[in-house]
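Novice: Sequence plus the predicted model coming up.
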Amino acid sequence: MFALLNSIDYPEDLRKLERKQLPQLAEELRAFLVESVSKTGGHLSSNLGTVELTIALHYVFNTPEDKLVWDVGHQTYAHKILTGRREAMRTLRMADGLSGFPKRSESQFDTFGTGHSSTSISAALGMAVAARLAGTQQRAVAIIGDGAMTGGMAFEALNNAGALDANLLVILNDNDMSISRPVGALNNYFAKLMSGQFYAAARRASEKVLKGMPPVLEFAKRAEEHVKGMVTPGTLFEEFGFNYIGPIDGHDLDTLVTTLGNIRGLEGPQFLHIVTQKGKGYAHAEDNCVLYHGVGKFDPVQGIIAKPAAKKTYTQIFGEWLCDMAAADERLVGITPAMCEGSGMVEFSEKYAARYFDVGIAEQHALTFAAGLACDGYKPVVAIYSTFLQRAYDQLIHDIAIQNLPVVLAIDRGGLVGADGATHAGSFDLGFLRSVPNMTVMAPADENECRQMLTTAYRMDTPTAVRYPRGSGCGAHVDPALHGLPVGKGELRRRGRKVAVLAFGSMLAPALEAAEQLDASVANMRFVKPLDEELVLQLAREHALLVTVEENVIQGGAGGAVSECLSRHGVTVPIMHLGLPDAFIEQGEPAKLLADCGLDVAGITHSIQHRLAHL
């Protein structure tokens, strides 16, 4: 079934093939992708769409000496397969296995690691300039797509690249998709100019005009450029200083190979626009590329068979609350940076379309846009993953917090996320949020508390954040009423002896279980900022050891807030902080990762027992 593919271990083997063999290789590679991902889970639609492009790039360019930089790294499975990792695909996104994204430590062919978007042009430009400084002929290629052109960083890099006149090739993989459907003026621009009849007619008209031009070389050249600029998307990129080529069919291998071969010999910034179909070649993914964007294990013949969830996820709890609060207050507006489905906003976007804003892959803009709405009396709720919020830290401080604006951050994927690994783990938010003046930071211990905290946050007139983990909680009953919580107040959940465990958010459940073995007190702290100092001081007076537990890096985290509180009040009591280590946590099963970090019941129990033995 994979006779040709099995003969390709590295790109040097690929380059030995005759061009007429490449379509067969593409067919086998696409079938292998479906079969492989069906067994491991992962990103499917985006990878099916880049099969021919990947083959053509490695066929034409001398990789790894020539540098390929992939944007939105979840479109690189075919690249991994063709660069010595075909057999290892069975370990994709597993502990000690292949990353789901490019990773420099994994392969010399992965020239730049990425899990976020809109970074490829900047990185490839750096490599192109490095080649020029070193006097080498290495080429640098940025492959950008999946909506990443909606990110402002991509345009900062385009602007700089044109000015530097480096030998850089940018390939726009135009598949009309990000993760959710793409939005914005740029996408509309592409859609209008690429829509069949207009584009074809305009091209035919331009050709007819050019044939009638006087045979004066310079005049003909200028006329061609002028007409080209009027009828293609190239005008925008040529204004940045790029030589625009395209659009071409990104699934036509012969055209791709010829075009890339020609471009490889050109000097200066080049921009190739290709058009592909996300999910190409697998009917289920073609019909629903959003569903097949990120998948678990599935039957490759039957496709994904939906199964009823045992418990609601925190994301679902947020989505339901958002609709309920929108019904109660017409000032509410919902904002997402291209993560409608992932953040649980589909129902809200349908019910309250006029108050729903998907701003594209533009996290910085999302927060400042929310700040502008808040200035004029609206109540913005920004649904954002913890890892993506990192990209908008300046806007959080400068545009929201300094002005003390009532913006609610609904932060999904707080803590470890499992198979997506270090680039997507929400390991740092409690630390970087609690250090910002005017912020209120909450971490729910269960689903009902999440809903209550969202209500609390919304009713405040200052910046607030509710940070919750990926997946389901303990299955707590959720009160449908819009009840809030007293700001800055925790609760004592278990009274024991000698040891008091101060648990933040998702760590309450394992802390309570560990406390049964230790006969320890347990506090559900609820608020990272403002901290319930009265409760902290009470526990310090009554116990010989305090233990803080959080699913966040220890440095600067919630535990640090407890130590700072004790120091301010001159209280000296032994204290131990449990949390994520000072390291990037790679992919794996979430429960196993937590256990490795000592944050499961056994780990918490062992750490406390060990500390008690040395008191």
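Specialist: Perfect, thanks for sending it.

Novice: if I look at Gly344, how far off is Glu156?
Specialist: Distance of Gly344 to Glu156, computed by Cβ to Cβ, to the nearest Å: 31 Å. Just so you know, the C-beta spots here come from the backbone N, C-alpha and C atoms, and that holds for glycine as well.

Novice: quick one: Val381 is in a helix?
Specialist: No: assessed with DSSP: H, G, I helix; E, B strand; the rest coil, Val381 is strand; it does not lie in a helix.

Novice: who's more crowded, Gly344 and Glu156?
Specialist: Applying other Cβ atoms under 10 Å to Gly344 and Glu156 shows that Gly344 carries more neighbours, namely 24 against 13.

Novice: For that one, which non-adjacent residue is spatially closest?
Specialist: Using Cβ to Cβ, 6 or more residues apart in numbering and skipping residues adjacent in sequence, the residue nearest Gly344 is Gly319, 3.2 Å away.

Novice: Please name every helix or strand in contact with the helix or strand containing that neighbour.
Specialist: Under the criterion of DSSP states H and E, Gly319 resides in helix 314-328. Judged by 3 or more Cβ pairs under 8 Å, 6 or more residues apart in numbering; DSSP states H and E, helix 314-328 is in contact with strand 332-336, helix 346-351, strand 379-385, strand 408-412, helix 447-459.

Novice: closest one to Asp532 among those?
Specialist: Closest approach to Asp532 among those (Cβ to Cβ): helix 447-459, 13.9 Å.

Novice: roughly how far apart are the residue lying closest to Ala383 once chain neighbours are set aside and Val333?
Specialist: Take Ala383 and drop its neighbours on the chain: the residue closest to it by Cβ to Cβ, 6+ apart is Ser343, 3.8 Å away. According to Cβ to Cβ, Ser343 and Val333 sit 14 Å apart.

Novice: How about Val601?
Specialist: Distance from Val601 to Val333, by Cβ to Cβ: 41 Å.

Novice: Same question for Ile585.
Specialist: 34 Å.

Novice: go on, His365?
Specialist: Plainly put, His365 is 15 Å away from Val333 if you go by Cβ to Cβ.

Novice: got it, and Leu92?
Specialist: Leu92 sits 38 Å away from Val333, going by Cβ to Cβ.

Novice: same deal with Leu405?
Specialist: For Leu405, the distance to Val333 (Cβ to Cβ) stands at 13 Å.

Novice: any idea of the pLDDT on the residue nearest to Leu82 when sequence neighbours are not counted?
Specialist: Excluding the flanking residues, the one nearest Leu82 by Cβ to Cβ, 6+ apart is His58, at 5.6 Å. pLDDT recorded at His58 is 97.

Novice: Let me know whether His58 touches Leu14 as I believe.
Specialist: Yes: between His58 and Leu14 there is a contact at 5.4 Å, judged by Cβ atoms under 8 Å.

Novice: Low-confidence ranges, the stretch 101-250 of the chain, go.
Specialist: 146, 176-233 (pLDDT under 70).

Novice: Repeat the analysis, applying 90 as the threshold.
Specialist: 114-117, 145-152, 162-163, 165-166, 174-240, 246-248 (pLDDT under 90).

Novice: would you list every one of the strands in it?
Specialist: Assigned by DSSP state E, counting those that start in this stretch, the strands in the stretch 101-250 of the chain fall at 140-145, 168-174, 243-249.

Novice: So what are the sheet partners of the first one and their directions?
Specialist: Think strand 140-145. With DSSP bridges as the test, strand 140-145 is paired with strand 67-70 (parallel), strand 168-174 (parallel).

Novice: how about these in CSV, adding mean neighbour count?
Specialist: Output for these, formatted as CSV (neighbours: other Cβ atoms under 10 Å):
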stretch, mean neighbour count
strand 67-70, 27
strand 168-174, 26
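
Novice: closest one to His477 among the ones you listed?
Specialist: With Cβ to Cβ, the closest approach to His477 among these belongs to strand 67-70: 44.8 Å.

Novice: Skip ahead from the closest one and say which helix or strand is next.
Specialist: Going down the chain from strand 67-70, the next helix or strand is helix 77-80, by DSSP H and E.

Novice: so what secondary structure elements neighbour that following helix?
Specialist: For helix 77-80, the elements it packs on are helix 22-40, helix 51-60, judged by 3+ Cβ pairs under 8 Å, 6+ apart.

Novice: Deepest in the core, which of these is it.
Specialist: Of the helices and strands packed on helix 77-80, the one with the most neighbours on average (mean count of other Cβ atoms under 10 Å) is helix 51-60, at a mean of 25.

Novice: Could the C-alpha coordinates of it be exported in PDB?
Specialist: Output of helix 51-60 as PDB, limited to C-alpha atoms (Å, rounded to 0.1, in the frame of the first residue of the first chain):
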ATOM      1  CA  VAL A  51       0.800  17.000   1.300                       C
ATOM      2  CA  GLU A  52       1.700  18.200  -2.200                       C
ATOM      3  CA  LEU A  53       3.400  21.400  -1.000                       C
ATOM      4  CA  THR A  54       5.500  19.400   1.500                       C
ATOM      5  CA  ILE A  55       6.700  17.000  -1.300                       C
ATOM      6  CA  ALA A  56       7.500  19.900  -3.700                       C
ATOM      7  CA  LEU A  57       9.400  21.800  -1.100                       C
ATOM      8  CA  HIS A  58      11.700  18.900  -0.200                       C
ATOM      9  CA  TYR A  59      12.000  17.900  -3.800                       C
ATOM     10  CA  VAL A  60      13.200  21.400  -5.000                       C
END
